[in-house]
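> how would this look folded up:
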Amino acid sequence: MTTSTRETASQPRCSGCGIPLQTTDTVKPGYVPEKALQNEPVICQRCFRIKNYNESSSVTPDQDEFLRLLGQIGTKNALVIHIVDLFDFQGSVISGLQRFIGNNPVLLAVNKTDLLPKVTNWNKIRNWVQKQAKDAGLKTVDIVLCSAKRSDGFDRLLEAVGRHRGDRDVYVVGATNVGKSTLINRLIRDYSDLEQELTTSRYPGTTLDMVNIPLDDGKFIVDTPGIMYPSRYTEIVDTRDLGVLLPEKALKPAVYQLNEGQTLFLGGFARFDFIQGTGHHHSFTCFVSSGVPIHRTKLERADELFANHAGELLSPPSKENLEKLPAWTRHEFRIAKGSQSDVFISGLGWVKINSDQGSVVAVHAPKGIRVMVRDSLI
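As a prediction, the model looks like this:
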């Protein structure tokens, strides 16, 4: 063991995010004023600001460090709970997870079920999730649909952990903003003597290192840092726009009957074009946060409208925040006749294609944001 490793191992850690604490550099992760070391529990300045002032911080771990921590799981005897966001499933699944964790079993916890409309066929949702997980290369021993916010499905998740854990530690992995720390906080309050809670916020990268939560049998639940994917809209927007993008309540589907050559602007975040289709008009259903207004116009006017009114009529984001985002790029899709498809925009939502006649559509979104066609979720 090197000297630096010994020093890190002996350092106190933040009880909120798990990072080793330090008192010398205010801009590096883990900074805490020296007098605050007397507090119980001790949390770093970053966690203190998030917890008390809902304030974001620019201090985030390096992506390589994320992957290094994730790779450690492959050397352990572990049950891996992979938490994904049902609202942003393709954006929050950790690509190549099995490569990092080896043969360790995966329990897939699908969070934020409370965001789907109340009239939802849950058997269909579960079958959809199973297919998507298989397509992502995950070898799941169980799938649990849940809502950390409402505690729905949490008992089922704990039962599944009990069935599959054996004598293993439990590692919890997930992308940022999927509700990972919120779920673990429920676990701490109900099933652990640990008094402090993990720091939770809607800002990416809240948990900076692995946090060990002791269980009664001497094993641990280990919370890992949230993986940040810049292909998700929630990772690249200004923090003031996160509250707009992340739905707080069940989605209210907005249905639009569009003729060929009509466009929908999803606030100033993205644009959906209906280019071509058989028949008079087609029906499209938008599933986005209620904070994202939808504006309909003619395709021939769309470029001019965006150039003149982005950040004003077409907002959020504001003009100032829009200028910080990458320039838009265009994605065109041919929707097959008879298919049931969603056009998915990671972190923003999706547009369901209701017509089975076949169509050509396009999406304009910031370069790098994941845009794809998938089987319809609902």
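> helices and strands of this structure: which one bottoms out on pLDDT?
Averaged element by element with mean pLDDT, DSSP states H and E, the chain has its least confident helix or strand at helix 3-10 (a mean of 40).
> quick check: residue 131 is in a helix.
Yes: with DSSP: H, G, I helix; E, B strand; the rest coil as the criterion, residue 131 is part of a helix.
> from what I see, it and residue 375 are in contact.
Yes: judged on Cβ atoms under 8 Å, residue 131 makes contact with residue 375 at a distance of 7.1 Å. For every residue, glycine as well, the C-beta is placed using N, CA and C.
> overlap in contacts of the two?
Counting by Cβ atoms under 8 Å, 6 or more residues apart in numbering, residue 131 and residue 375 have no shared contacts at all.
> mind listing the helices in this structure by residue range?
When assigned using DSSP state H, the helices of the chain occupy the ranges 3-10, 45-53, 63-71, 89-92, 97-101, 122-135, 154-165, 180-191, 233-236, 239-245, 299-309, 319-322.
> tell me the most buried of those?
Of the helices of the chain, the one with the most neighbours on average (mean count of other Cβ atoms under 10 Å) is helix 89-92, at a mean of 24.
> which other residues reach that helix?
Here helix 89-92 has contacts from 84-85, 110, 129, 132, 174-175, 177-178, 229, 231-232, 344, 346-347, 370, 372, 374, 377, using Cβ under 8 Å, 6+ apart.
> pLDDT (mean, whole number) over it?
Within the predicted structure, the mean pLDDT of helix 89-92 is 96.
> send over that helix as PDB, restricted to the C-alpha atoms.
Once side chains and other backbone atoms are set aside, the C-alpha atoms of helix 89-92 remain, and they are given as PDB (Å, rounded to 0.1, in the frame of the first residue of the first chain):
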ATOM      1  CA  PHE A  89     -34.900   4.400 -19.600                       C
ATOM      2  CA  GLN A  90     -32.500   4.300 -22.600                       C
ATOM      3  CA  GLY A  91     -30.600   7.300 -21.200                       C
ATOM      4  CA  SER A  92     -30.100   5.900 -17.700                       C
END
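> domain boundaries for the protein, per the record?
As assigned by automatic domain parsing, the chain contains the domains 1-55, 60-229, 245-375.
> least confident of the ones you listed, on average?
When these are compared on average pLDDT, domain 1-55 comes out lowest at a mean of 69.
> OK, contacts around the closest residue to residue 293 other than its chain neighbours?
Leaving out its chain neighbours, the residue that sits closest to residue 293 by Cβ to Cβ, 6 or more residues apart in numbering is residue 267, at 5.6 Å. Each residue near residue 267 by Cβ under 8 Å, 6+ apart is listed here: 244, 292, 293, 294, 314, 315, 316, 317.
> for ChimeraX, what selects the buried ones among those?
Applying 16 or more other Cβ atoms under 10 Å to the contacts of residue 267, the buried members can be selected in ChimeraX as follows:
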select :244,292,293,314,315,316,317
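> identify the farthest-apart pair in the contacts of residue 267.
For the contacts of residue 267, the farthest-apart pair by Cβ to Cβ is 294 and 317; their separation is 15.2 Å.
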